[in-house]
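S.K.: the sequence and its predicted three-dimensional model are supplied below.
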Amino acid sequence: MTTAHEKRILFKNNLKTGKFMIAPGIYDALSAKIAQDSGSICLAMGGYAISASRLARPDVGLLSLFEMSTALKQICDATDIPVIGDGDTGYGNALNVIHTLQEYEHAGAACVFFEDQVWPKRCGHMDGKQVITAEEHAQKIRAACEARVDKDLVIMARTDTRAVNGFEDAVRRGKLYAEAGAEILFIEALRSREEIEEIARVFKGTGIYLFANMIEGGKTPIINSKELKEMGYAGVFWSCASLYLISKTLADAFTTLNKEGDLNSHLDKMIPFPKFNDYVGLGKYKELERRYKVDRDD
């Protein structure tokens, strides 16, 4: 099993070598394992995905640090590739950010991002967001950077100010957060291709890496990963694709089951029983059972 430190080194090497990271948003250990086995080299664990899958509730700050860090640990334990953890706002001030960073580091994250929204936060593509001052969030980013035990853990700063104070403030905050120590910037909910391209131009040659976020039906226009790489981005989140895919698949299948009484018409859309057992590692546990089997006289 790959250690947390090894995953962090891998993540940093991807940044340094320009290996573009497509990070699908996953919501539990199984979705993470499937993404890894499908060729993903990086994963994103976000509040939207965890809130929707665990609570069937929107991403409006309902989850606690404990719930998020537990989900993160389960995902990290199930995979051998870097996982980016959503630190939300850090659940409070700079002191809370330190605690959140420490919990996420223990959970195994390769990278953690913190956003500058007011708590309780909400999904970056929802209306009604509020942000704290840029100076306060810069201090929170500085606190996170200084709290790391493993200095190869990467800190990403996210700003949601585009929807609140406009594009120019997003650029200003990005520069301030980079000065505070963030190695990656994530400027959320940009409104056009031109804005996405402009962010790439502004930070080109600064040594700061950029991540984009693609949400089908969200505020940002969908741009292919290859195009984002050409612009100069280091990676991209596809935050909600897994949720939307699995929700549609289950809704269609369960509707069919209730109408037809079976799922024979959906068999080609299902993972076969043996393949699913491979995902959950049944063979490994069978081998362990054989290895530690004890014959009983009764």
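M.R.: Everything's here; your move.
S.K.: who are the contact partners of residue 25?
M.R.: 44-46, 48-49, 237-243 (C-beta atoms under 8 Å, 6 or more residues apart in numbering). Every residue, glycine included, has its C-beta placed from N, CA and C.
S.K.: lowest-confidence one in the residues you listed?
M.R.: Lowest pLDDT of those: residue 46, 88.
S.K.: with adjacent residues omitted, what lies nearest to that residue?
M.R.: residue 86 (4.3 Å; C-beta to C-beta, 6 or more residues apart in numbering).
S.K.: what score does that neighbour have for pLDDT?
M.R.: 97.
S.K.: middle-most residue in the chain, spatially?
M.R.: For the chain, the residue lying nearest the average C-alpha position, counting by C-alpha atoms, centre = their mean, turns out to be residue 44 (2.1 Å).
S.K.: partners of that one in the sheet?
M.R.: According to DSSP bridges, the residues that bridge with residue 44 are residue 25, residue 84.
S.K.: how about the strands in this protein?
M.R.: 21-26, 43-45, 83-86, 111-115, 154-159, 184-187, 209-213, 235-238 (DSSP state E).
S.K.: contacts for the fourth one, please.
M.R.: By that I understand strand 111-115. 8, 11, 82-90, 97, 100-101, 104-105, 121, 124, 137, 140-141, 144, 153-160, 184, 186, 188.
S.K.: go again with 6 Å.
M.R.: With contact meaning C-beta atoms under 6 Å, 6 or more residues apart in numbering, strand 111-115 is reached by 11, 84-85, 87, 89-90, 104, 140, 144, 154, 156, 158, 160, 186.
S.K.: quick check, nearest of these to residue 38?
M.R.: residue 84 (17.3 Å; C-beta to C-beta).
S.K.: okay, now that closest one: neighbour count?
M.R.: The number of residues packed near residue 84 is 27, by other C-beta atoms under 10 Å.
S.K.: and it, what does it touch?
M.R.: 23, 44, 111.
S.K.: and it, how close does it get to residue 77?
M.R.: Separation of residue 84 from residue 77 (C-beta to C-beta, to the nearest Å): 16 Å.
S.K.: now do residue 59
M.R.: Distance from residue 59 to residue 77, by C-beta to C-beta: 24 Å.
S.K.: same check on residue 280?
M.R.: As judged by C-beta to C-beta, residue 280 and residue 77 stand 13 Å apart.
S.K.: now the stretch 1-150 of the chain, which segments are flagged as low pLDDT?
M.R.: Judged by pLDDT under 70, the stretch 1-150 of the chain has no weakly predicted residues.
S.K.: mind listing the helices for it?
M.R.: Taking DSSP state H, counting those that start in this stretch as the criterion, the stretch 1-150 of the chain contains helices spanning 4-17, 29-37, 47-55, 65-78, 94-107, 134-147.
S.K.: switch those helices over to CSV; also include mean neighbour count and distance to residue 198.
M.R.: Formatted as CSV, the helices of the stretch 1-150 of the chain follow (neighbours: other C-beta atoms under 10 Å; distance: least, C-beta to C-beta, whole Å):
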stretch, mean neighbour count, distance to residue 198
helix 4-17, 17, 22
helix 29-37, 19, 31
helix 47-55, 20, 26
helix 65-78, 20, 32
helix 94-107, 20, 29
helix 134-147, 20, 19
